[in-house]
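J.: return a 3D structure for these sequence lines:
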Amino acid sequence: MLNFIYYPVSWIMWVWHWLFDKIMPDSPGGSGVAWALSVVFLVFTLRAILYKPFVKQIRTTKQMQEINPQMQAIRKKYANDRVKMTEEMQKLQKEHGFNPLLGCLPMFMQIPVFIGLFHVLRSFNRMGTGTAMPIGGTSEAMTAEQTRSIGNYAFSADQVQNFLDARIFGVPLSSFITEPVDQFQAFVEHGQPVDFTRWQIAVVVVPLMIVASIATHMNSRASVGRQTAAASDNPQTRIMNKLALYVFPLGILVTGPFFPVAILLYWVSNNLWTYGQQHLVFGRIAKEEEEAKAAKEERLRANAPKPGAKPSSPKRGATAVADAATDVDEDSSDEAPKTSLKKGDGTSTPQKASGEKAKQQPGPGKKPSPGQRPNKPGGAKQSGNKRNKKNRQGRKR
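T.: Okay, here's the model as predicted:
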């Protein structure tokens, strides 16, 4: 049913084993180093394919940390309206180009790879599994002679036999601590004594379990250490951090006795790749952020006014028009000759150029200047009537 996973995994492993088998001569017990390296480089190949999704995952995680305060505000605001909360969150994610699936894609893609490799490695020895194979097509448990004479996906029967005879640190690559003793017969020629024990398997498996567990913890610790304070305070994030820091590494120690040696090699090499890749990607992202920050500061310095220069504030709209009109009125009033009425007649003479502005009476509805008497109602009209009355009296005399 999952042949679309098993065949690609087996073919990649086949290519690497063919390459290392050509480089290294076979040892008397089989090309154990070549088979081990084929597993390790199978991991490196798959992780190289997943490199770009991993970078997107890191960037998505940083985006999630940046918008997390806004997400919390939306949750608090629409706590009683789930539909509105979902709509607002989707809107916020769309505005920032955030896609939650990209953060989980690399992890989800590694799960089928791990399942495929686990199945292929266990299928080299089918004495206890009874796994249906493309050649032979049986679901019943096989004998030692049958399992050594039937191919395994991309591997021929000769390659299956070579894999079963291969040793790494004196034990077969597909052996595991809890494996029944009667299944050890598949790892040797018919009629030959078994050349390893369960304790020898434990001596190889236990250190690999510990290394894989510590490497998993260190990777999780490095990832958690790069989180912001706001993200760390999120309850969901705290739960995931505890799972990654303690539960997953502990899970390797608990399940390690059930895993073949090659699977633990896969786990160790996968963690080593992850540790190096995290430092590379995070270092590159930090460098990009520093360059962007430096470029922004450079633009601000270029647009800033020079020392001693008066910053310009252009006027716009009605304010500019009103200011321009005021300037024109002031210019015209300065150039026009100023006149004053002499007391007792209706003639006017230019004022002496004393540099002082004549005090003008304020018009109706305006406030008088400081020190100026306010006009009486109808003041201009009353002054004219008084002068006319005085002139008539002079003529009568």
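J.: confidence score at Arg167?
T.: We have a pLDDT of 89 for Arg167.
J.: measure it to Leu173 for me?
T.: 8 Å (Cβ to Cβ, to the nearest Å). Any C-beta I mention is one placed from the backbone N, CA and C, and that applies to glycine too.
J.: mind listing what's buried along stretch 241-248?
T.: By neighbour count with 16 or more other Cβ atoms under 10 Å, stretch 241-248 contains the buried residues 241, 244-245.
J.: which residues touch Gln278?
T.: 58, 219, 222-223 (Cβ atoms under 8 Å, 6 or more residues apart in numbering).
J.: what's the helix or strand for it?
T.: helix 261-303 (DSSP states H and E).
J.: what's the local residue count around Arg226?
T.: By the criterion of other Cβ atoms under 10 Å, Arg226 has 15 neighbours.
J.: hmm, I was thinking of Ile150
T.: 19.
J.: one more: Val83?
T.: The burial count for Val83: 8, using other Cβ under 10 Å.
J.: any idea how far Pro193 lies from Val160?
T.: Pro193 is 21 Å from Val160, by Cβ to Cβ.
J.: the more surrounded of those two?
T.: Val160 (24 against 8).
J.: just for the stretch 251-397 of the chain, where's the confidence low?
T.: 307-397 (pLDDT under 70).
J.: so Ala244 sits against Gly225, correct?
T.: No: using Cβ atoms under 8 Å, Ala244 makes no contact with Gly225, being 11.8 Å away.
J.: what packs against the strand or helix carrying Ala34?
T.: Assigning secondary structure by DSSP H and E places Ala34 in helix 32-49. Here helix 32-49 touches helix 3-23, helix 100-122, helix 261-303, going by 3 or more Cβ pairs under 8 Å, 6 or more residues apart in numbering; DSSP states H and E.
J.: redo that, cut-off 10 Å
T.: On a contact count with 3 or more Cβ pairs under 10 Å, 6 or more residues apart in numbering; DSSP states H and E, helix 32-49 meets helix 3-23, helix 100-122, helix 157-165, helix 261-303.
J.: buried set for whichever helix or strand comes after it?
T.: Next along the chain after helix 32-49, taking DSSP H and E as the criterion, comes helix 51-77. Going by neighbour count (16+ other Cβ under 10 Å), the buried part of helix 51-77 is 53-65, 67-68, 71, 74.
J.: on that earlier part again, and of the buried residues of stretch 241-248, the nearest to Met142?
T.: Nearest to Met142 among the buried residues of stretch 241-248 is Ala244, at 39.6 Å by Cβ to Cβ.
J.: can you give me the neighbour number for the closest residue to the closest one other than its chain neighbours?
T.: Nearest-residue entry for Ala244: Ser220, 3.8 Å, with adjacent residues in sequence omitted and distances by Cβ to Cβ, 6 or more residues apart in numbering. By the criterion of other Cβ under 10 Å, Ser220 has 22 neighbours.
J.: kindly report the same for Glu95.
T.: The burial count for Glu95: 10, using other Cβ under 10 Å.
J.: list the contacts of it.
T.: 67, 70 (Cβ atoms under 10 Å, 6 or more residues apart in numbering).
J.: where's it relative to Glu88, distance?
T.: 11 Å.
J.: one more: Arg226?
T.: 28 Å.
J.: that older thread, what about the residue nearest to Ala244, helix or strand, and which?
T.: helix 198-225.
J.: what's the angle from the helix holding Gln278 to helix 51-77?
T.: 70 degrees (axes from the mean of the first three to the mean of the last three Cα atoms, to 10 degrees).
J.: helix 261-303 vs helix 32-49, what angle?
T.: 30 degrees.
J.: re the thing from before, Arg167 and Leu173: which is more packed in?
T.: Between Arg167 and Leu173, Leu173 has the larger neighbour count (other Cβ under 10 Å), namely 25 against 22.
J.: contacts only, for the residue lying closest to Val55 once chain neighbours are set aside.
T.: Nearest residue to Val55 in three dimensions, chain neighbours excluded: Val281, at 5.6 Å (Cβ to Cβ, 6+ apart). Contact analysis of Val281 by Cβ under 10 Å, 6+ apart lists 51, 54-55, 57-59.
J.: mind putting those into a markdown table with pLDDT?
T.: A markdown table is the format used below for the contacts of Val281 (pLDDT from 0 to 100):
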| residue | pLDDT |
| --- | --- |
| Tyr51 | 85 |
| Phe54 | 78 |
| Val55 | 80 |
| Gln57 | 72 |
| Ile58 | 74 |
| Arg59 | 75 |
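J.: ok, so of those residues, who is nearest Trp199?
T.: Closest to Trp199, out of all of the contacts of Val281 and judged by Cβ to Cβ, is Phe54, at 39.0 Å.
J.: quick check, Pro193 in a helix?
T.: No: under DSSP: H, G, I helix; E, B strand; the rest coil, Pro193 falls outside any helix and is assigned coil.
J.: give me phi/psi at it?
T.: phi -70, psi 150 (degrees, to the nearest 10).
J.: ok, it - contacts?
T.: Contacts of Pro193 (Cβ under 10 Å, 6+ apart): 184-185.
J.: and for the one 5 residues further on?
T.: Taking Cβ under 10 Å, 6+ apart as the contact definition, Arg198 lies against 171, 175-181, 184, 205.
J.: strands - which of the residues you listed land there?
T.: Secondary structure defined by DSSP state E assigns none of those to strands.
J.: just the buried subset of those, written out for PyMOL, thanks.
T.: Here is the PyMOL selection string for the buried members of those, based on 16+ other Cβ under 10 Å:
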select buried, resi 171+175+176+177+179+184+205
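J.: ok, Asp81 - how many residues close by?
T.: 11.
J.: hmm, I was thinking of Ser123
T.: 22.
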